[in-house]
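S.K.: One predicted model, sequence on top.
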Amino acid sequence: MKELISVVVPVYNVQEHIENCLNSLISQTYTNLQIILVDDGSTDESGKICDRYKELDNRVEVIHKPNGGLADARNTGLKQVKGDYIAFLDSDDYIYKTMYEDLYNLLKEYDADISEGDFLRIDVSKKLESGKIIEEENSKRNIEASCYSNLDALRLLYGANNYEYVKKVVVWNKLYKKEVIGEIEFPVGRLHEDEFTTHKILFNAKKVVSTNKILHGYMQTANSIMRKPLKPKRIVDTLDSYTAASEFFKEKNLVEIEAKTRRRYLEYCIELTAKVLNSDQNQELLEKLKDSYKTFYSEYKDIIINTEKTSKESKIVEFLTKINNTLEQGGQITIEDCNELKELNK
């Protein structure tokens with residue numbers, strides 16, 4: 001029998017979507033699974049649905065707990081892990097039928113510590129067609145795998161490609177050897193909890209293997225945190241995650257990656273400003289982002305400017321310096337600035 005994979009699934013008020021998720025999980029071609037459902041104080045029927053699946057499938061374990069948020073639910077699930085391999089799944093998403101078989105085989109074939117698959121955003125109205133949609137998209141691709149050292153994976157994570165950032169930073173498209181997670185926990189009470197932890201997990205790995213095969217359906221729902229109106233906490237937590245990662249790399253004396261991370265902090269200030277301008281025009285948020293940008297640039301401009309970089313990164317640094325000069329002169333970040341940054345990142 002193949003080795004045990006433990007899958008941690010936080011559950012909170014997803015009664016309309018959880019069955020689609022769990023059906024995709026219990027139907028995996030890789031069958032030696034420990035399925036840990038953490039009902040995080042749901043007030044709808046989600047907890048009862050979890051209990052029903054426990055009766056249907058003896059691989060399913062259910063934990064009912066008071067609401068503590070996604071990070072707390074994941075941490076609770078991690079304490080019950082029995083397998084040597086760990087995966088995370090959000091309870092309103094869908095996984096392709098061969099996901100864990102593919103990721104397990106990649107780990108073995110490449111002697112890697114982390115494997116990851118690609119994902120596809122799918123409108124929730126088409127959730128029952130997810131398998132077919134993913135299959136059709138995969139048929140158009142030349143499926144291949146790429147290997148990275150831990151440092152190369154971190155360079156991609158904080159590089160200029162936003163798509164690669166998302167693929168690398170999320171935990172739900174990956175399979176981990178248990179030891180690379182170790183004692184790492186998700187930060188309770190924070191949004192963007194993946195961004196506080198992924199850099200630590202990647203650092204612990206010797207090798208990461210990535211496939212362009214779509215294995216995960218990321219459901220786009222109206223209640224998704226990522227689609228809710230921009231609020232101060234999201235801004236604070238996102239920027240704090242970049243600061244925490246930057247300090248981590250500084251402690252490890254990884255100067256190049258620290259510089260990339262600090263540049264990404266400033267880039268994200270610009271991206272967030274554009275989102276605010278495109279939504280509620282909240283002046284307080286705009287001022288906070290402006291102040292954050294100026295303070296951060298002033299404190300870390302030496303490493304941002306002077307660390308060795310590619311020609312593409314050099315152009316981005318010139319742009320970031322121009323934005324700082326504009327702000328110091330009383331100007332504002334504009335939507336046009338964000339569009340220019342997107343062009344530089346292409």
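M.R.: It's in. Given the structure is predicted, the values throughout are model-derived calculations rather than measurements. Residues are numbered from 1 along each chain as shown.
S.K.: Excluding its own residues, what touches the helix or strand of the chain at the bottom of the mean pLDDT ranking? List them.
M.R.: Counting by mean pLDDT, DSSP states H and E, the chain has its least confident helix or strand at helix 162-169, which shows a mean of 85. With contacts defined as CB atoms under 8 Å, 6 or more residues apart in numbering, helix 162-169 is touched by 116, 118-119, 153, 156-159, 173, 194-195, 198, 202, 210, 264, 345. Yep, even glycine has a C-beta here, placed from its N, CA and C like the rest.
S.K.: One more pass at 10 Å, please.
M.R.: Residues outside helix 162-169 that contact it (CB atoms under 10 Å, 6 or more residues apart in numbering) are 114, 116-119, 148, 153-159, 161, 173-174, 192, 194-195, 197-199, 202, 208, 210, 212, 218, 241, 245, 264, 267-268, 271, 342, 345.
S.K.: Sort out for me which of those residues are in helices.
M.R.: 153-157, 194-195, 197-199, 202, 241, 245, 264, 267-268, 271, 342 (DSSP state H).
S.K.: Quick check on those residues: which are buried?
M.R.: 153-157, 194-195, 197-199, 202, 241, 245, 264, 267-268, 271 (16 or more other CB atoms under 10 Å).
S.K.: okay but residue 274 is in contact with residue 335, surely?
M.R.: Yes. Residue 274 is within contact range of residue 335, at 5.0 Å (criterion: CB atoms under 10 Å).
S.K.: Okay, now the unreliable bits of this protein?
M.R.: 1, 160, 221-229, 280-281 (pLDDT under 70).
S.K.: Check it for its longest strand and report it.
M.R.: strand 207-220 (DSSP state E).
S.K.: That one: which residues count as buried?
M.R.: For strand 207-220, using 16+ other CB under 10 Å, the buried residues are 207-211, 213-220.
S.K.: Just give me the closest of these to residue 91.
M.R.: For those, the minimum distance to residue 91 (CB to CB) is 9.9 Å, reached by residue 219.
S.K.: what sits opposite the closest one in the beta ladder?
M.R.: Beta-bridge partners recorded for residue 219 (DSSP bridges): residue 122.
S.K.: Would you confirm that it contacts residue 128?
M.R.: No. Contact criterion CB under 10 Å: residue 219 and residue 128 do not qualify, at 11.3 Å.
S.K.: what sits in contact with each of these two?
M.R.: 20, 94.
S.K.: care to break the chain down by domain?
M.R.: 5-225, 229-344 (automatic domain parsing).
S.K.: Which one of the buried residues of strand 207-220 is nearest to residue 3?
M.R.: Scanning those for proximity to residue 3, where the rule is CB to CB, the winner is residue 209, at 16.7 Å.
S.K.: So which of residue 274 and residue 335 has more stuff around it?
M.R.: Higher neighbour count among residue 274 and residue 335: residue 274, with 19 against 13, using other CB atoms under 10 Å.
S.K.: ok, now how distant is the spatially most central residue of the chain from residue 330?
M.R.: With distances taken as CA atoms, centre = their mean, residue 170 lies nearest the centre of the chain, 2.0 Å away. Using CB to CB, to the nearest Å, we find residue 170 at a distance of 38 Å from residue 330.
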